[in-house]
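1. the following comprises the amino acid sequence and a computationally predicted model.
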Amino acid sequence: TQIIGIGIIMYLQNPSDITVKFNVKKGSGSTVIFCVERLAQRFKSESLNIRACIPTSFQATQLILEAGLPLAELNAHPVIDVAFDGADEIDPSLNCIKGGGGCHLQEKLVAAAAKKFVIVADYNKDSPALGTKWTKGIPVEVIPMAYVTIQNKIKTLKGKSALRMGAPAKAGPAVTDSGNLILDVFMSNLKGDNAVLETSQILKMIPGVVETGLFVGMAGWAYIGLEDGWVFNQI
Ligand code: DER
């Protein structure tokens with residue numbers, strides 16, 4: 001019995017059994033939907049041994065419930081066998097930028113609790129260096145009362161940032177599932193493992209930063225959907 005995550009985390013029999021053939025779609029969390037659908041299908045038709053699915057967001061919770069999979073929470077299952085999630089960009093070492101959908105805090109908590117973290121994404125996300133294809137900055141979740149001081153600190157580090165807004169769905173800033181704000185941060189060099197790790201550590205050290213969307217050295221596998229519908233398995 002294992003645990004898996006897809007913007008969700010679940011217990012499953014064998015992650016290598018999961019072949020996901022998905023269309024190319026963009027947006028926030030759209031790719032992992034195909035993964036959940038396939039898991040739900042196999043859960044029903046093959047009695048796949050999924051004990052618990054742990055969501056990474058409100059949206060993932062809805063997805064699990066709609067798919068008829070067993071919903072659970074991280075505190076009840078702190079050790080996860082496999083986590084599946086999408087990404088906004090993936091570099092050759094499988095470092096990722098996540099948080100386009102603003103849920104990277106919970107996504108990282110779930111991924112960090114997983115023995116295996118698997119990315120499912122389309123070929124547009126496969127990149128030689130982070131920041132090349134995803135040009136909207138590194139999503140950084142921050143404590144609301146400190147967002148200006150954090151922006152100032154980022155400036156002293158020669159970076160730039162923008163407060164993510166909720167429009168058109170909401171006036172004012174986008175608010176995360178944990179009640180925080182998001183800064184989209186532009187730092188100069190994200191090429192290579194050291195640069196990514198260093199940037200992640202520097203940002204994390206700023207008081208008031210809750211979590212960054214840099215997932216460094218966390219993913220062990222990536223299933224990359226190709227234009228012709230096939231999936232490339234990158235390890
Ligand atoms: O929000 C995120 O962290 C995800 O990486 C998400 O942006 C991926 O979404 P997509 O599969 O719809 O591109």
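-> Cool, the structure landed.

2. CA atoms of stretch 38-58 as PDB?
-> C-alpha atoms of stretch 38-58 as PDB (Å, rounded to 0.1, in the frame of the first residue of the first chain):
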ATOM      1  CA  ARG A  38      -7.200   7.700 -14.200                       C
ATOM      2  CA  LEU A  39      -6.600   6.800 -10.600                       C
ATOM      3  CA  ALA A  40     -10.300   7.000  -9.800                       C
ATOM      4  CA  GLN A  41     -11.000   4.800 -12.900                       C
ATOM      5  CA  ARG A  42      -8.500   2.100 -11.700                       C
ATOM      6  CA  PHE A  43      -9.700   2.500  -8.100                       C
ATOM      7  CA  LYS A  44     -13.100   1.400  -9.200                       C
ATOM      8  CA  SER A  45     -12.400  -1.100 -12.000                       C
ATOM      9  CA  GLU A  46      -9.400  -2.800 -10.500                       C
ATOM     10  CA  SER A  47     -10.000  -2.200  -6.800                       C
ATOM     11  CA  LEU A  48      -6.700  -0.400  -6.600                       C
ATOM     12  CA  ASN A  49      -5.600  -0.200  -3.100                       C
ATOM     13  CA  ILE A  50      -5.900   3.500  -2.400                       C
ATOM     14  CA  ARG A  51      -6.300   4.100   1.300                       C
ATOM     15  CA  ALA A  52      -6.300   7.900   1.500                       C
ATOM     16  CA  CYS A  53      -6.000  10.900  -0.800                       C
ATOM     17  CA  ILE A  54      -4.600  14.000   0.800                       C
ATOM     18  CA  PRO A  55      -5.400  17.300  -1.000                       C
ATOM     19  CA  THR A  56      -3.100  20.200  -1.500                       C
ATOM     20  CA  SER A  57      -5.900  22.800  -1.900                       C
ATOM     21  CA  PHE A  58      -9.600  23.500  -1.800                       C
END
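
3. all strands for this structure, in order.
-> 8-10, 53-55, 80-85, 89-90, 96-97, 114-122, 138-142, 160-163, 181-186, 209-212, 214-215, 221-225, 231-234 (DSSP state E).

4. ok, which of the ones you listed comes nearest Val196?
-> strand 214-215 (6.1 Å; CB to CB). C-betas here are computed from N, CA, C, even on glycine.

5. is any residue of the closest one near the ligand?
-> No: Strand 214-215 stays out of contact with the ligand when judged by CB under 6 Å from any ligand atom, the minimum separation being 8.8 Å.

6. on that earlier part again, deepest-packed of the strands of the chain, please.
-> Ranked by mean neighbour count, the strands of the chain are led by strand 8-10 with a mean of 32 (mean count of other CB atoms under 10 Å).
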